[in-house]
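Q: What follows is a predicted protein model with its sequence.
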Amino acid sequence: MKKNIAIIMGGYSSEYKISLKSGNVVYNTLDKTKYNAFRIHIFKEKWVFVNELDEEFLVDKNDFSVLVDGTKITFDCVFNAIHGSPGEDGFMQAYFELLDIPQTSCDMYQAALTYNKRDLLATLKPYGIKTAESYPLNFGDQIDEDAIIAKVGLPCFVKANKAGSSFGISKVYKKEDLQAAIDNSFKEDNEIIIEQFLDGVEVSVGVISYKGETLVLPITEIVSENDFFDYQAKYEGKSQEITPARISDEYANKVNIEAKRIYEILKMKGFSRSEFIFKNDEPYLLEVNTVPGLTNESILPQQAAKAGISMEDLFENAIEETINNG
C-alpha cells in the first residue's frame, strides 16, 4: 500500500519562497507509484494542502490531517522542506513528536540549537571545534563600538543570530558603518552575532544519514562574485559552487572529519550542511543548516549527485529511514 507523505514547505521567515521551491522539487521528484505525495503550505495565516489544481484544503492542526471531498487523510511521514522558522528551529519537530508522526529532519533540540548560531558555537567549543571570534548583542543592549572592534577586528560580519539564506547579514569595513549593519540585522532577529572576518577558502560540507550510515558528501567550494556569500550569491547566480572543492587532500580530510564529528556530537539525523572557512590550514565552523536547500541549484543535491546519489534516491532514503526509525 502506498504511503501518504506530507511535504511541508513555506514557513514564517524571509526564506519562504526558497522553501516553496525546495518543497516542489521534492514533490515532483518522488515516485508516485510508491508514495501519495501532498504539498502542505505552512504559513502564519494558514496551513493548507494544495492539490494539482491549486485548490486549498485546511489542515486540522489537532492531528495534522486534511479533509478532502469528505475523506480524512492522515500521513505516514512528513518531509520537512521548511527553511527557517518554524521548520528549522524546532517548532515543527516538537509538534510532530507530540503527534507521533515521523518527520525527515533532525529532532527538536538539535533544530533549535543549530538554528541559534551563538548557542551552537558555544556548545561545540568544548569539543575543540574552531570558530571565529564573536561578539553577541541582544536588541536594546548598549552598543560599545570600540569594544566590538577590539574583540572581532575589522572587517567583520554582522549577522542575525537566528536567520538563514544570508538575510540580515552585512560585511563592515569601517567603524562608522557598524551601527547601520547592526540595525539591519535587528530587522531579522532580536539577537545578533558580530564575527571576526576569516580570510580563506570557504567550503560547504553535506552530511546525511544514508542507508543507516553517516555519510559525508563531496565538498563544495564557494567562490562568490560578491564581497561574500550573500543572498544574491546563493540564489541569483552570483557565485561559483565547485564540487568537488579545489582543496588539498589534507584540507579535505580535515574538514570531512570535523563535519562528521559535528553531526555525531549533536546526534543529528537526516540532512545537514555545515559551512567552514580555512584559516591557518584549519577549518573554522561558520554554521550548520539542518534543512538545506533542495532545489536543482542547491548545494546538497549537487553534492549527492557527485556521490552517485540521485535526487529521487536522496529523498526516498530520507523518507524510508524516517519511517523505519520512527
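A: Ah, there it is.

Q: Check residue 1 and give its pLDDT.
A: Residue 1 carries a pLDDT value of 89.

Q: how about the helices of the protein, start to end?
A: Along the chain, the stretches classed as helices by DSSP state H are 16-29, 91-99, 108-115, 117-124, 145-152, 178-186, 231-235, 249-265, 299-306, 311-325.

Q: give the contact list for residue 261.
A: Under the criterion of CB atoms under 8 Å, 6 or more residues apart in numbering, the contact partners of residue 261 comprise 127, 129. Where you see a C-beta, it was placed from the backbone N, CA and C, and this is true even at glycine.

Q: measure it to residue 117 for me?
A: When CB to CB, to the nearest Å is the yardstick, residue 261 and residue 117 sit 18 Å from each other.

Q: Serialize the helices of the chain to a markdown table and add fields for mean pLDDT and distance to residue 209.
A: A markdown table is the format used below for those (pLDDT from 0 to 100; distance: least, CB to CB, whole Å):
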| stretch | mean pLDDT | distance to residue 209 |
| --- | --- | --- |
| helix 16-29 | 96 | 17 |
| helix 91-99 | 98 | 15 |
| helix 108-115 | 97 | 12 |
| helix 117-124 | 94 | 19 |
| helix 145-152 | 97 | 35 |
| helix 178-186 | 95 | 33 |
| helix 231-235 | 47 | 25 |
| helix 249-265 | 98 | 9 |
| helix 299-306 | 97 | 13 |
| helix 311-325 | 97 | 6 |
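
Q: For residue 201, find the nearest of those helices.
A: helix 249-265 (7.6 Å; CB to CB).

Q: Give the rounded mean pLDDT of stretch 60-67.
A: Taken as a whole, stretch 60-67 has a mean pLDDT of 98.

Q: Span of it from start to end?
A: In stretch 60-67, first residue to last residue: 8 Å (CA to CA, to the nearest Å).

Q: Kindly reformat the helices of the chain as a markdown table and extend each row with distance to residue 218.
A: A markdown table is the format used below for those (distance: least, CB to CB, whole Å):
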| stretch | distance to residue 218 |
| --- | --- |
| helix 16-29 | 20 |
| helix 91-99 | 28 |
| helix 108-115 | 22 |
| helix 117-124 | 23 |
| helix 145-152 | 32 |
| helix 178-186 | 32 |
| helix 231-235 | 19 |
| helix 249-265 | 9 |
| helix 299-306 | 4 |
| helix 311-325 | 13 |
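
Q: Nearest to residue 5, out of those?
A: Proximity to residue 5 (CB to CB) singles out helix 311-325 among those, at 6.1 Å.

Q: Specify the angle between the closest one and helix 299-306 in degrees.
A: Taking axes from the mean of the first three to the mean of the last three CA atoms, to 10 degrees, one finds that helix 311-325 is oriented at 100 degrees with respect to helix 299-306.

Q: so residue 114 sits right up against residue 121, yeah?
A: No. With contacts counted by CB atoms under 8 Å, residue 114 stays clear of residue 121, the gap being 10.3 Å.

Q: between those two, who's got more neighbours?
A: In terms of neighbours (other CB atoms under 10 Å), residue 114 is the more surrounded of residue 114 and residue 121; the figures are 26 against 20.

Q: Neighbours of the closest residue to the more buried one other than its chain neighbours, how many?
A: Ranked by CB to CB, 6 or more residues apart in numbering and with sequence neighbours excluded, the top spatial neighbour of residue 114 is residue 288, at 4.5 Å. Residues contacting residue 288 under the criterion other CB under 10 Å number 26.

Q: same deal with residue 107?
A: Residue 107 sits with 18 neighbouring residues when counted by other CB under 10 Å.

Q: Same question for the one 3 residues further on.
A: The burial count assigned to residue 110 is 22, neighbours taken as other CB under 10 Å.

Q: before we move on, what about residue 184?
A: For residue 184, which is what you asked about, the neighbour count (other CB under 10 Å) is 16.

Q: now do the one 3 residues further on
A: Using other CB under 10 Å, residue 187 is surrounded by 11 other residues.

Q: now for the helices of the chain, which one comes closest to residue 139?
A: Judged by CB to CB, the one of those that comes nearest to residue 139 is helix 178-186, at 5.5 Å.
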